[in-house]
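# model the structure of this input:
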Amino acid sequence: MSSILFTTEHPGTRRRLSGCVLRWGVALTCALCLQAAGKRNKNETGTPDLATPSNASTRFAPVAADHPLAEIWNDPDFTRRLLGTYGFNSAREPSLNLEEQTLLREQILPVLRMDPTNAIPLLEAAVKPDASAVFDYTLGNVLFQSGDTTNAIRNFEAAVSKFPDYERAWKNLGFAQVRDGHYAESIKPLARTVELGGADGEVFGLLGFAYLNSGRPVSAGAALQQALLFRPDDFNLQLYLLQAWVAGAQYEPALKLLNELLAVNPERANLWSLLANIQVERNELPAAAVAYETLRRLGGATSANLMLLGDIYLAQEARELALGAYLEALKSEGGGDDPSRELRAAELLITQGAWDEARALLAAIRSATGETLAGELKLKLLKLEARLALAADRGDEAIAILEKISLEDPLDGEALLLAADYYAGAGEREKAEFRYDAASKIEGFEADAFVGRARLLVKQQEYRRAAEFLQKAQKIKPRDRIQRYLDQVLQLAAAGSSKEA
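Got it, this is the predicted structure:
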């Protein structure tokens, strides 16, 4: 399962190796099958010419380069092992009667050696309910090699149904299910392979991968540690183990392994990304920032990485650094694909009073998205711009934006509250009351609308009515600070009553 990332052989050498691998696999098929048949009938003779070249594919159901298993599955050594599974082990596997031996030797094997796909019709004819499981298994192998994993799985299942201890049929059934993305289903056949004594680095590795992708990180970690006993230097297995430990919140062993790997592979961006993620989970934000900055300098930081780096800087009140990370995220590949992330970052800047940085980010968002923003995202951008305008005492600009939002969406409670607050501050009581009243009828905004209405009444020294609105707000959404405000208003109302008396 060694990674092709470290392969340095010349392409021509690899082609020659692949051709040898295939001929070796087919030759093994012929030799072992005939050897098994010979043990059952010593009078049978005749062996096909093993020097005949094969025209079969030199790849075993290859996967796309971006497939999560590509580093393993397309590796020449892994291909060699799968091609080798065409063989036959007479001691532990299904037997063949004399008629089946003759069919296999004289009709199927010669075709199988030249081009396995041409043997499919012959194997399909040989597969019968009472026939040897060898035919089901061999047909499954040919279909698997050609990429027809659905029918390969069906034949492997038939083989183990006929012969429950068919180790290699269980193994290839599990491999085919992993190859087809049926991770949960592959666990049983791979575990059965281990039980039957077929454990090796590939089986434990793919079993760990299947557990990991089935949401079982603890089991994945156990299987992958077993795989590493067979292949201690396999980088892909180490990465899968790291992912399992992180998914299972086993950060201490993950950090130790990461440090070992980074000491040897400091240029590996994915390792720095994993390190940063672990440090974020452990709330080690300064260390996570260092890891993300290293990732950034290696050119491996994604838009999501940079956004998280900006959040870390903002949490440390490093506003300029946060803005730099956000702007770079917006310009990087994938930046702007999800404007809600950048808008959330702008909102965080506004919340911290970083007006200049928020204004620069909003301008960049507008530049990147142009007129493509629509619906809630468009309204969100407008509301953030209105909040900035209010912070800069540009009330006329802010209210124009908010009124535009209300025209487009009269049920936008946030815009109504912002407009109400503006009118309350400007002394336009009727306009403020109208918008507070409208917001109080929108689910999720009732409590804040009642609080705003109460503050407006407090300014007018109408304490009793203000207290009523605050009490309504507390029934909907109890908050300590609002309760303290209510207590103060009630005291003022009581004091006013005493003076009147």
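# list the residues that contact Glu124.
Leu139 (C-beta atoms under 8 Å, 6 or more residues apart in numbering). Glycine gets a C-beta too; all of them are placed from N, C-alpha and C.
# now the phi/psi pair for it, please.
phi -60, psi -40 (degrees, to the nearest 10).
# if I look at it, how far off is Leu173?
For Glu124, the distance to Leu173 equals 18 Å [C-beta to C-beta, to the nearest Å].
# repeat that for Asn155.
Distance, Asn155 to Leu173, by C-beta to C-beta: 9 Å.
# give me the common contacts of the two.
Between them, Asn155 and Leu173 share these contacting residues under C-beta under 8 Å, 6+ apart: Gly140.
# against His182, how distant is the residue positioned nearest the centre of the chain?
Closest residue to the average C-alpha location of the chain: Asn213 at 9.3 Å, with C-alpha atoms, centre = their mean. Asn213 sits at a distance of 10 Å from His182 (criterion: C-beta to C-beta).
# point out where the protein drops to low pLDDT.
1-63, 65, 70-92, 370, 497-501 (pLDDT under 70).
# which residue is the nearest non-sequential neighbour of Asn155?
Gly140 (3.4 Å; C-beta to C-beta, 6 or more residues apart in numbering).
# just give me the neighbour total for that neighbour.
27 (other C-beta atoms under 10 Å).
# next: Glu284.
15.
# could you do Ile399 as well?
Ile399 - counted by other C-beta under 10 Å - has 20 other residues nearby.
# try Lys256
Lys256 - counted by other C-beta under 10 Å - has 11 other residues nearby.
# and if you look at Pro129?
For Pro129, using other C-beta under 10 Å, the count is 6.
# what do you get for Trp355?
14.
# which residues touch the nearest residue to it once chain neighbours are set aside?
Nearest in space to Trp355, with sequence neighbours left out and distances taken as C-beta to C-beta, 6+ apart, is Ala391 at 5.4 Å. By C-beta under 8 Å, 6+ apart, the contact list for Ala391 reads Ile350, Gly353, Trp355.
# and Gly215, by the same measure?
Taking C-beta under 8 Å, 6+ apart as the definition, Gly215 has no contacts.
# assign it to helix, strand or coil.
coil (DSSP: H, G, I helix; E, B strand; the rest coil).
# Thr294 reaches Trp272, doesn't it?
Yes: the pair Thr294 / Trp272 is scored as a contact, 5.1 Å apart, by C-beta atoms under 8 Å.
# so for the two, which sits in the more crowded spot?
Shown here are Thr294 and Trp272; by other C-beta under 10 Å, Trp272 has more neighbours (26 against 19).
# contacts for whichever strand or helix holds Gly452?
Using DSSP states H and E, Gly452 falls within helix 446-459. By C-beta under 8 Å, 6+ apart, the residues outside helix 446-459 that reach it are 413, 416-417, 420-421, 424, 429, 432-433, 436-437, 439-440, 442, 463, 465-467, 469-470, 472-474, 476-477, 482, 485, 489, 492.
# if we use 7 Å, what do you get?
With contact meaning C-beta atoms under 7 Å, 6 or more residues apart in numbering, helix 446-459 is reached by 417, 420-421, 424, 429, 432-433, 436, 439-440, 465-466, 469-470, 472-473, 476-477, 482, 489.
# now do the very next helix or strand once past that helix: which elements does it pack against?
Once the chain leaves helix 446-459, the next helix or strand it forms, by DSSP H and E, is helix 463-476. Applying 3 or more C-beta pairs under 7 Å, 6 or more residues apart in numbering; DSSP states H and E, one finds that helix 463-476 contacts helix 446-459, helix 480-500.
# re earlier: among the contacts of Ala391, which ones are in helices?
Per DSSP state H, helices hold the following members of the contacts of Ala391: Ile350, Trp355.
# okay if I get the contacts of Ala391 as TSV plus distance to Pro68?
As requested, these are exported to TSV (distance: C-beta to C-beta, whole Å):
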residue	distance to Pro68
Ile350	39
Gly353	44
Trp355	44
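# list just the nearest of the contacts of Ala391 to Gly147.
Checking these against Gly147 by C-beta to C-beta gives Ile350 as the nearest, at 53.5 Å.
# hang on, the closest one packs against Arg387?
Yes: with contacts counted by C-beta atoms under 7 Å, Ile350 reaches Arg387, the gap being 5.6 Å.
# and the gap between the nearest residue to Gly201 once chain neighbours are set aside and Gly205?
Spatial nearest neighbour of Gly201, chain neighbours left out: Phe230 (3.4 Å); criterion: C-beta to C-beta, 6+ apart. Between Phe230 and Gly205 the distance is 8 Å, computed by C-beta to C-beta.
# ok, Arg481 next?
Taken as C-beta to C-beta, the span from Arg481 to Gly205 is 55 Å.
# go on, Tyr211?
With C-beta to C-beta as the criterion, Tyr211 and Gly205 are 11 Å apart.
# quick one: which of Arg481 and Gly205 has more around it?
The neighbour comparison of Arg481 against Gly205 (other C-beta under 10 Å) goes to Gly205, with 28 against 8.
# isn't the more buried one right up against Phe235?
No: using C-beta under 7 Å, Gly205 is not in contact with Phe235, being 11.8 Å away.
# and the strands in the stretch 251-400 of the chain?
Applying DSSP state E, counting those that start in this stretch to the stretch 251-400 of the chain gives no strands.
# OK, contacts around Thr102?
Per C-beta under 7 Å, 6+ apart, neighbours of Thr102: none.
# list the buried ones in the host helix or strand of it?
Using DSSP H and E, Thr102 sits within helix 98-103. For helix 98-103, a neighbour-count test (16 or more other C-beta atoms under 10 Å) marks Glu100, Gln101, Leu103 as buried.
# how about stretch 159-170?
Ala159, Val160, Lys162, Phe163, Tyr166, Glu167, Arg168, Ala169, Trp170.
# correct me, but the last one touches Thr193?
Translated: Trp170. Yes: Trp170 is in contact with Thr193 according to C-beta under 7 Å; the separation is 4.7 Å.
# if we can go back for a sec, could you point out which of the helices and strands packed on helix 463-476 sits nearest Leu314?
Among these, if distance is taken as C-beta to C-beta, the winner is helix 480-500, at 23.9 Å.
# can you redo the buried residues of helix 98-103 as TSV with distance to Gln316?
Compiled in TSV, the buried residues of helix 98-103 are given as follows (distance: C-beta to C-beta, whole Å):
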residue	distance to Gln316
Glu100	73
Gln101	75
Leu103	75
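# nearest spatial neighbour of Gly248, chain-adjacent residues omitted?
Excluding the flanking residues, the one nearest Gly248 by C-beta to C-beta, 6+ apart is Pro217, at 3.7 Å.
# can you pull the contacts of that neighbour?
Residues in contact with Pro217, defined by C-beta under 7 Å, 6+ apart, are Ala244, Ala247, Gly248.
# now intersect the residues you listed with the helices, please.
Per DSSP H, the contacts of Pro217 map to helices at Ala244, Ala247.
# mean neighbour count, the helices and strands packed on helix 463-476: which tops it?
Of the helices and strands packed on helix 463-476, the one with the most neighbours on average (mean count of other C-beta atoms under 10 Å) is helix 446-459, at a mean of 22.
# so how far is Gly324 from Ile401?
From Ile401 to Gly324 the distance is 27 Å (C-beta to C-beta).
# quick check: closest non-adjacent residue to Arg282.
Spatial nearest neighbour of Arg282, chain neighbours left out: Tyr251 (5.9 Å); criterion: C-beta to C-beta, 6+ apart.
# so the one you found is in contact with Asn277, correct?
No: the criterion here is C-beta under 7 Å, and Tyr251 misses it with Asn277 at 10.0 Å.
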